[in-house]
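Colleague: model the following, please.
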Amino acid sequence: MHLLSTLSDELLGARLPGRHLVRLSDWAPDEIERALDLALLLKDLQERREPHPYLAGRTVGLIFAQPSTRTRVSFEVGVAQLGATALHLDAGTLQLGRGEPIRDTAYVLSRYVDALTIRTGAHADVEELAAHASVPVINALTDETHPCQALADALTIRERFGATEGVRLAWVGDGNNVLDSLADVCDAVGIELVAACPAGYEPARRGIDVVRDPREAVEGAHVVYTDVWTSMGQEAERARRLRDFAGYQVDEALVSLAEPDVLVLHCLPAHCGEEIAADVLYGPQSGVWDQAENRLHAQKALLALVVQ
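Modeller: Model (predicted):
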């Protein structure tokens with residue numbers, strides 16, 4: 001009962017009803033910390049199998065324009081654990097797929113559901129949905145950003161090290177949408193971020209310390225993070241990317257340059273033998289499976305904070 005009481009107090013004093021999450025940089029550092037605190041409480045409740053139906057009677061629409069495993073399943077399970085109903089909306093079977101304006105879709109769906117999540121390609125689509133929806137809109141991934149993943153990453157780091165302030169994180173690979181949002185959360189919670197990217201694959205986001213040599217980035221790091229070299233929609237570039245990223249694999253030799261208690265992260269799916277070696281992905285330093293689980297708890301915290 002103590003946990004339930006603590007969580008109730010947390011929700012009453014810290015809720016952000018009606019807020020969108022389009023980019024993490026739209027949220028203040030204390031709001032991001034609030035979400036992480038709440039995620040830990042919700043995770044503890046779930047591990048104890050204590051019901052926490054804080055969104056009983058609510059409905060969350062989940063719009064997917066791309067294939068998904070972790071995002072879809074973690075949102076559907078999380079919505080159910082909060083006592084709400086998850087409504088999967090395949091963008092291809094909505095009128096969106098036949099050219100209905102996003103604005104019209106936002107107006108209509110806002111009359112049916114209490115929140116919307118959307119996983120799509122163009123970031124502008126999420127911005128337009130949020131501009132016209134009268135319920136909270138959560139960005140579940142675009143070509144530019146992945147804020148839900150970054151929150152889960154910060155949660156995983158905090159669990160492992162007890163804090164985030166002063167942690168050094170080395171990113172190795174493509175300067176992609178995951179890195180963009182990771183930089184936002186690192187700025188908010190005090191993580192030092194350095195990214196090793198080949199020439200031509202630097203992040204679009206400004207303010208990230210970028211180096212060329214992965215060894216320089218990883219030396220002394222507490223966390224080493226990588227992602228696929230060829231993301232969805234880039235399949236035609238695969239051969240070129242494999243050449244350009246030669247030398248950027250996170251393997252045992254590279255990880256050995258980091259701190260002894262290094263945490264290795266990957267947002268998945270992984271291509272073993274390319275961006276990460278199998279003995280690292282499945283090895284004792286890997287936090288990848290905790291990281292994947294934490295998508296569930298971080299997203300539950302988001303929903304509990306913003307859904308009215």
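Colleague: number of nearby residues for residue 90?
Modeller: Residues near residue 90, counting by other C-beta atoms under 10 Å, number 12. All C-beta atoms are positioned from the backbone trio N, CA, C, and that covers glycine.
Colleague: again, but for residue 61
Modeller: Using other C-beta under 10 Å, the number of residues around residue 61 comes to 23.
Colleague: now name the helix or strand holding residue 171.
Modeller: Element membership for residue 171, per DSSP states H and E: strand 168-172.
Colleague: the following helix or strand past that strand - what's its average pLDDT?
Modeller: Next helix or strand after strand 168-172 toward the C-terminus (DSSP H and E): helix 177-189. Helix 177-189 carries an average pLDDT of 98.
Colleague: so what touches helix 177-189?
Modeller: 23-25, 27-29, 32-33, 36, 141-147, 149-151, 153-154, 158, 164-165, 169, 171, 191-193, 195, 203-205, 207-208, 225, 227, 231, 267 (C-beta atoms under 8 Å, 6 or more residues apart in numbering).
Colleague: ok, of those, which come out buried?
Modeller: Using 16 or more other C-beta atoms under 10 Å as the burial test, the contacts of helix 177-189 include 23-25, 27, 32-33, 36, 141-147, 149-151, 153-154, 158, 164, 169, 171, 191, 193, 195, 203, 205, 208, 225, 227, 267 as buried.
Colleague: so which of those sit within helices?
Modeller: 32, 33, 36, 147, 149, 150, 151, 153, 154, 158 (DSSP state H).
Colleague: quick check: the farthest pair among the residues you listed?
Modeller: Taking C-beta to C-beta as the measure, those span a maximum distance of 17.6 Å, between 33 and 149.
Colleague: dump the residue contacts of residue 55.
Modeller: Contact analysis of residue 55 by C-beta under 8 Å, 6+ apart lists 79, 82, 83, 84, 114, 303, 304, 307.
Colleague: neighbours around the residue lying closest to the fifth one once chain neighbours are set aside, how many?
Modeller: Closest residue to residue 114 in three dimensions, ignoring its sequence neighbours and counting by C-beta to C-beta, 6 or more residues apart in numbering: residue 58, at 4.2 Å. Counted with other C-beta under 10 Å, the neighbours of residue 58 add up to 19.
Colleague: got it, and residue 201?
Modeller: For residue 201, the neighbour count with other C-beta under 10 Å is 17.
Colleague: and it, how far from residue 149?
Modeller: For residue 201, the distance to residue 149 equals 19 Å [C-beta to C-beta, to the nearest Å].
Colleague: ok, now residue 35?
Modeller: Per C-beta to C-beta, residue 35 is found 13 Å from residue 149.
Colleague: look up which residues are beta-bridged to the nearest residue to residue 265 once chain neighbours are set aside.
Modeller: Excluding its sequence neighbours, the residue lying closest to residue 265 (C-beta to C-beta, 6+ apart) is residue 225, at 4.3 Å. Going by DSSP bridges, residue 225 is paired in beta bridges with residue 171, residue 265.
Colleague: give me the pLDDT for residue 225.
Modeller: We have a pLDDT of 98 for residue 225.
Colleague: next: the one 4 residues further on.
Modeller: Per-residue confidence (pLDDT) for residue 229: 91.
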